[in-house]
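> need a structure here:
(one chain, ligands or ions: 4)
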Amino acid sequence: MPTSGNDGNMNGPAKVRNHDDEDGSKTTVTAQTIDELHSLQKKRSAPSTPKGAQPNSAFSPSDEERTKQRLESISASLASLTRESGPKVVKGDPASRRVEHVPHHRPAAAPTIAVSDSALKFTHVLYNLSPAELYEQAIKYEKGSFITSTGALATLSGAKTGRCPRDKRVVKDELTENELWWGKGSPNIEMDEHSFMVNRERAVDYLNSLDKVFVNDQFLNWDPENQIKVRIVSARAYHSLFMHNMCIRPTPEELEKFGTPDFTIYNAGLFPCNRYTHYMTSSTSIDLNLARKEMVILGTQYAGEMKKGLFSVMHYLMPKRQILSLHSGCNMGKSGDVALFFGLSGTGKTTLSTDHNRYLIGDDEHCWSEGGVSNIEGGCYAKCIDLSRENEPDIWNAIKFGTVLENVVFDEHFRVVDYADKSVTENTRAAYPIEYIPNVKLPCVGPHPKNVILLACDAFGVLPPVSKLSLSQTMYHFISGYTALVAGTEEGIKEPQATFSACFGAAFIMLHPTKYAAMLAEKMENHGATGWLVNTGWSGGSYGSGSRIKLSYTRKIIDAIHSGNLLNAEYKKTQIFGLEIPMGVEGVPSEILDPENTWPDKQAFKETLLKLAGLFKNNFETFTSYQIGENNNLTQEIVAAGPIIDEA
Ligand SMILES: Nc1ncnc2c1ncn2[C@@H]1O[C@H](COP(=O)(O)OP(=O)(O)OP(=O)(O)O)[C@@H](O)[C@H]1O
Ligand SMILES: O=C([O-])CC(=O)C(=O)O
Ligand SMILES: [Ca+2]
Ligand SMILES: [Mn+2]
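Ligands and ions are numbered 1, 2, ... in the order given. Okay, here's the model as predicted:
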């Protein structure tokens with residue numbers, strides 16, 4: 001606060017003075033009290049639709065009515081299903097005196113047995129807070145929340161720093177029993193409706209026991225005809241800001257018309273599930289009920305569960321509308337050419353779709369419909385381990401005010417993040433709104449893809465840096481969903497671990513993989529898309545002797561795919577995997593294009609290649625008994641497009 005020059009009291013505490021003091025100075029405030037001064041600081045947000053008359057009343061009767069309806073809707077979301085109709089909800093922070101609109105909530109003649117003390121208390125609702133408000137909530141109330149030197153919000157996700165796929169449950173009822181993929185290899189582990197309700201009640205009771213909950217009303221999917229309205233009820237500002245960034249943010253006008261959500265998440269992750277509950281095998285449970293359109297989270301605060309839980313929902317809802325949901329990144333060139341980037345975690349979807357020379361449509365979850373592609377999300381979720389300004393400038397610059405930084409380590413005084421530090425976890429992450437990437441394509445939609453790039457981080461070092469795939473090879477590798485990362489990178493040399501995850505995201509799919517594969521084949525064929533396999537992993541030997549392919553080389557390869565130069569290059573076919581590899585790529589040393597050249601020990605190369613081929617074959621066996629598409633020809637072609645191990 002500026003101090004008046006002729007005040008004569010420069011050393012004392014600043015005084016609040018009235019401006020019609022004797023000196024009539026304009027440098028003093030008009031407020032009479034500190035409270036009044038504070039009340040001047042915050043201006044009411046303008047109502048989203050201009051109301052014409054009554055410029056002084058910020059809330060016209062219809063605004064009031066709308067607020068009441070919204071609180072009733074939230075009260076219904078939070079209602080216990082075994083007691084009275086819903087908790088008393090109040091808008092605003094309980095710590096601030098400005099509490100708005102207590103709805104007159106009168107349960108309809110509840111029987112005494114249904115009345116409990118919890119029915120007498122209020123639950124404050126912090127509804128669609130802004131990033132600044134969420135920062136303040138996090139810093140005030142959530143241990144481990146700090147502002148980093150670039151303005152991001154550093155948070156801790158608690159004991160869980162990654163997803164828990166084994167704790168995911170899906171309600172098996174008459175409908176889902178037949179519709180979903182169950183059994184071996186499926187990510188859908190069943191639970192019954194009753195156990196779901198036990199967990200739901202547990203989550204709702206926990207949330208209602210708090211002074212306040214956060215509620216986000218947002219959208220999924222940039223395709224306006226297939227948009228899904230989601231409500232996220234959570235206990236932490238971290239969760240609310242994460243979803244604010246990751247889902248599509250409604251405009252004030254859209255929020256006014258929001259109405260009833262299509263899907264609701266109850267995130268009670270701070271509270272464990274009860275292992276006496278049927279189907280519970282740990283204190284963590286992520287439960288999906290498609291009939292009720294609800295998800296319950298207990299026993300994990302890792303925010304990625306919400307993001308990927310909703311992705312599972314989309315993997316159910318979209319194929320019903322003949323829309324293919326994809327675990328892929330997506331970008332578009334200046335001339336409108338769209339590329340999809342599939343790959344398991346850590347293979348480069350976010351890194352390679354964030355390309356300074358192209359428009360970003362999205363980094364992780366998309367839909368491919370009759371109209372083209374659309375991003376499901378409103379934000380990106382980038383891995384931060386070893387992040388550098390040089391290699392990934394756009395992601396680096398996106399880590400600023402508003403961005404959630406999970407589980408990173410920083411200097412205690414300057415709050416400069418050390419991205420190399422894995423003390424909390426190797427899975428450090430940044431969640432930021434997509435418009436933090438400068439060349440974003442808004443709205444995040446594009447025409448039909450021209451290139452479908454399958455990313456594999458092959459730590460065995462035997463897959464070529466790039467190969468052009470036939471349609472059946474694309475399907476073979478899509479269904480296989482291969483990558484091989486190295487487990488404990490710090491404990492010296494370890495065998496790479498091959499991972500096969502159908503559709504490059506088996507943890508999120510709800511139907512049998514062949515359903516998605518058939519849709520992809522049809523769309524690629526109809527729109528003339530070319531498939532590519534890009535190894536972002538090892539070259540010159542397996543993990544331990546070779547090294548990871550330079551990101552700059554991979555970027556050159558991707559450039560050549562986008563430009564169309566690679567489509568017409570000269571090719572040769574590899575042994576065993578039968579992959580077409582180019583003789584040259586601009587900016588990439590030719591000798592690395594055939595991995596055999598880069599291995600000093602040719603015998604070791606051959607053995608490792610055969611070993612990997614065997615792993616592919618074993619994995620694919622479970623799919624050979626399924627038919628893909630309308631007739632059996634495609635299935636046979638796809639099986640034949642895998643590696644051929646000649647025993648002779
Ligand atoms: N040649 C390369 N190509 C791609 N990424 C590379 C390469 N070399 C190193 N990397 C690193 O590998 C990581 C790829 O992670 P990225 O976040 O892009 O994975 P993702 O596929 O988006 O995973 P998720 O689905 O978990 O978000 C980054 O940290 C990147 O810097
Ligand atoms: O969901 C997460 O935690 C991160 C992610 O994108 C993935 O694993 O594919
Ligand atoms: Ca990613
Ligand atoms: Mn992902």
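> only C-alpha atoms from now on, for both contacts and neighbour counts.
Noted.
> kindly report the residues of this structure close to ligand 2.
Gly162, Arg163, Gly304, Lys308, Ser345 (CA under 6 Å from any ligand atom).
> filter these down to the buried ones.
For the residues of the chain next to ligand 2, a burial check counting by 16 or more other CA atoms under 10 Å picks out Gly162, Arg163, Gly304, Ser345.
> dump those residues to CSV, plus distance to ligand 1, secondary structure and pLDDT.
Listed next are those as CSV, based on distance: CA to the nearest ligand atom, whole Å; DSSP: H, G, I helix; E, B strand; the rest coil; pLDDT from 0 to 100:
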residue, distance to ligand 1, secondary structure, pLDDT
Gly162, 10, coil, 94
Arg163, 10, coil, 95
Gly304, 10, helix, 97
Ser345, 3, coil, 89
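> closest to ligand 3 among those residues?
Ser345 (6.8 Å; CA to the ion).
> sketch out the low-pLDDT regions of the stretch 401-550 of the chain for me.
Scanning the stretch 401-550 of the chain for pLDDT under 70 picks out 487-494.
> go with 90
Counting by pLDDT under 90, the ranges of the stretch 401-550 of the chain that qualify are 485-497, 542-545.
> now the stretch 1-150 of the chain
1-31, 35-68, 79-90, 95-122.
> try 80 this time
Low-confidence segments of the stretch 1-150 of the chain (pLDDT under 80): 1-26, 46-61, 83-87, 96-120.
> can you check the stretch 201-350 of the chain too?
When residues are selected by pLDDT under 80, none of them lie in the stretch 201-350 of the chain.
> ligand 3 contacts on that one?
Residues of the stretch 201-350 of the chain lying close to ligand 3 by CA under 5 Å from the ion are Thr350.
> how about the helices of the stretch 201-350 of the chain, start to end?
Per DSSP state H, counting those that start in this stretch, the stretch 201-350 of the chain has helices spanning 237-246, 252-256, 304-320, 349-353. These are given in chain order.
> re the thing from before, Throw the residues of the chain next to ligand 2 into TSV and include distance to Lys121, thanks.
Putting the residues of the chain next to ligand 2 into TSV (distance: CA to CA, whole Å) gives the following:
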residue	distance to Lys121
Gly162	35
Arg163	34
Gly304	31
Lys308	33
Ser345	44
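> so for the longest helix seen in the chain, mean pLDDT?
In the chain, taking DSSP state H as the definition, the longest helix is helix 602-620. Computed over helix 602-620, the mean pLDDT rounds to 96.
> what residues does the protein put near ligand 1?
343-351, 382-383, 385, 536, 548-551, 554.
> before we move on, the earlier item: quick one: the helices of the stretch 201-350 of the chain as CSV, columns for distance to Ser590 too.
Formatted as CSV, the helices of the stretch 201-350 of the chain follow (distance: least, CA to CA, whole Å):
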stretch, distance to Ser590
helix 237-246, 40
helix 252-256, 53
helix 304-320, 39
helix 349-353, 21
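> closest one to Leu175 among these?
Leu175 sits nearest to helix 304-320 of all these, at 12.2 Å, using CA to CA.
> just checking, what packs against the closest one?
Under the contact criterion of 3 or more CA pairs under 8 Å, 6 or more residues apart in numbering; DSSP states H and E, helix 304-320 touches helix 237-246, strand 324-326.
> quick check: buried residues in it?
For helix 304-320, burial by neighbour count (16+ other CA under 10 Å) applies to 304-307, 309-319.
> kind regards, and thank you for your time.
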